[in-house]
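Below: sequence and its predicted model.
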Amino acid sequence: MQNQAAVEALYSATFVEDYLDYVENVPDDLQRHHSRLRELDMSQHQELLTELDNLVSQFEAEKDDPAAQRKLLVKMQLPLIASQDIGDDKIQIVQSLTDTIENKTRQLEHDSQNLDFGRGEEEESPVKQIVKKETDKEK
């Protein structure tokens, strides 16, 4: 009986420890990732959009010169490619955050199941005792 109590105490301690880790660290991780996403939007992406707007204005001004328009189109590709790279970085950040939350949630669910498993054994044990008594009476 002491072993069962020790195991239940260990399961409880593990659950509380993982829960506190989740509560303390996940909001910080969320804030850090959100700040990084905002940084990508506000600084790098805005600069690329400004550059692209300037190139579009130049392109529209060069309606009479197809060669100059082609050169501007080539120049437009660079900020578009850089913007796509920023989008890929943002997707990677969100995926990392999603993975972190899923892993922490899975760990808490596992710890919770361990706690329920210990309770499930306690609930089954009186039934096992009754069945055992009945089988002993039949002998």
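Received it, and whenever you're ready, just let me know what you need. This one's a predicted model, so the numbers in the text were calculated from it and none came from an experiment.

What score does the most centrally placed residue in the chain have for pLDDT?
In the chain, the centroid-proximal residue (Cα atoms, centre = their mean) is T98; its distance is 1.7 Å. At T98, the model reports a pLDDT of 93.

Same check on Q4?
pLDDT, Q4: 78.

now K137
49.

Then D89?
So D89 comes in at 94 (pLDDT).

The one 5 residues further on too?
In this prediction, V94 carries a pLDDT score of 95.

Can you report how many residues lie near it?
A count of nearby residues for V94, using other Cβ atoms under 10 Å, gives 13. (Each C-beta comes from the backbone N, C-alpha and C, glycine too.)

what about it, helix or strand, and which?
Element membership of V94, judged by DSSP states H and E, is helix 66-138.

Other residues contacting stretch 24-31?
Around stretch 24-31, the neighbours that count as contacts under Cβ atoms under 8 Å, 6 or more residues apart in numbering are L97, T100, I101, K104.
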